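# Following is a predicted model, sequence given first.
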Amino acid sequence: MLKRIEEWKRIFDLEENAITKALTRMAWDVAAFSCVVEMVRQAPEVGGEKQLNSLVMDMLASGFWAGTMQGIRRLVEKEPIRGPKSVCSLGGLIADVRASRGKLTREAYVRDIACLEYNYLRTRAASDAYAIEQLRQGNRNYWVPIEFHHELAMKRHEEFDWLSGVTANLSRPDDLIRVEIFDMLESRLERLSSVIDHVNVDIAHAATEASRQGRVLERWGLTDAKQAMREIAEVAHVVGTWFCYSGAGTVLPVAQFDQFKHLESPMFTGDRAKLVAVWTEFDREAQQWHQVDPTKWMNVE
């Protein structure tokens, strides 16, 4: 069980593509794109046309929507969290915790996940003894080490009382979490199933028209993206707090630089002819791709 808990914490917080890190990247992109939308809204119009470069705007929009929807799918879908094809998936983490339910006792919840003393009364007694010793030494102002904070273990027990449906006066070390808890968590993620279907048929795979029927979102805007982010962040915080002893917290990071620097400056003031040359060069190359001779592919090392 200890190895499994270590894996939960690893994919939630520590991996390069950990759940919390993916949430942070997505939140940053949503915030940034919200600003882009406001820029477009404020952009001057001439003859009903926004004075913005459509090449850049279209690339920003298509990249944002594809990245956001695929990010949601990666987090929500139930994928294995261990093995050669493992991923850092919130849906997969919930499924793995559910599969471990028989071993995820109250004692494991307090002692193994949170690394706290199971008997918080013992911790409180040690805290009292520490305080008495500090006063005996004449220390009126002192810092209490975290290992003496009995209220942390007490809170874990209170959480497990609700998770297990067992009242505090009847609690036992081998109490288990109710199955309904996992049903609840999975049903929250299930709200995003339409987004996953859309990604599967319209972005991740080249689906045929027949397979697309009823599985593509008619409309999905920035408000929907923010709501989806909220749904995932809320579930991630709860799952992380319970099973990794590390919530998601505030997913949007504080910028360590001025993210609006240079916005008042034109995006490009150089020689447009050079841009035309770059475009033309690629166009010329792409026009040759259909002139392929497959006979030359044979026996090519």
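Sure, I can see it. Numbering: from 1, shown residues only.

# ok, the residue nearest in space to the middle of the chain - contacts?
The chain has residue 23 as the residue nearest its centroid, 3.1 Å off, counting by C-alpha atoms, centre = their mean. Residue 23 sits next to 75, 229, 232, 233, 236, 248, 251 when contact means C-beta atoms under 8 Å, 6 or more residues apart in numbering. For glycine as for every other residue, the C-beta is placed from the backbone atoms N, C-alpha and C.

# Quick check: it vs residue 226, distance?
Taking C-beta to C-beta, to the nearest Å as the measure, residue 23 falls 13 Å from residue 226.

# can you redo the contacts of residue 23 as JSON lines with neighbour count?
Putting the contacts of residue 23 into JSON lines (neighbours: other C-beta atoms under 10 Å) gives the following:
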{"residue": "75", "neighbour count": "27"}
{"residue": "229", "neighbour count": "22"}
{"residue": "232", "neighbour count": "27"}
{"residue": "233", "neighbour count": "23"}
{"residue": "236", "neighbour count": "24"}
{"residue": "248", "neighbour count": "24"}
{"residue": "251", "neighbour count": "21"}
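
# Which one of the residues you listed is nearest to residue 242?
Residue 242 has its nearest neighbour among the contacts of residue 23 in residue 236, at 11.0 Å by C-beta to C-beta.

# Pull the number of nearby residues for residue 283.
9 (other C-beta atoms under 10 Å).

# hang on, it is in a helix, isn't it?
Yes. Under DSSP: H, G, I helix; E, B strand; the rest coil, residue 283 sits within a helix.

# For the contacts of residue 23, point out the one with the lowest pLDDT.
For these, the weakest pLDDT value sits at residue 248, with 83.

# Ramachandran coordinates for it?
phi -80, psi -30 (degrees, to the nearest 10).

# next one: phi and psi at the residue nearest to the centre of the chain?
Torsion angles, degrees, to the nearest 10, at residue 23: phi -60, psi -40.
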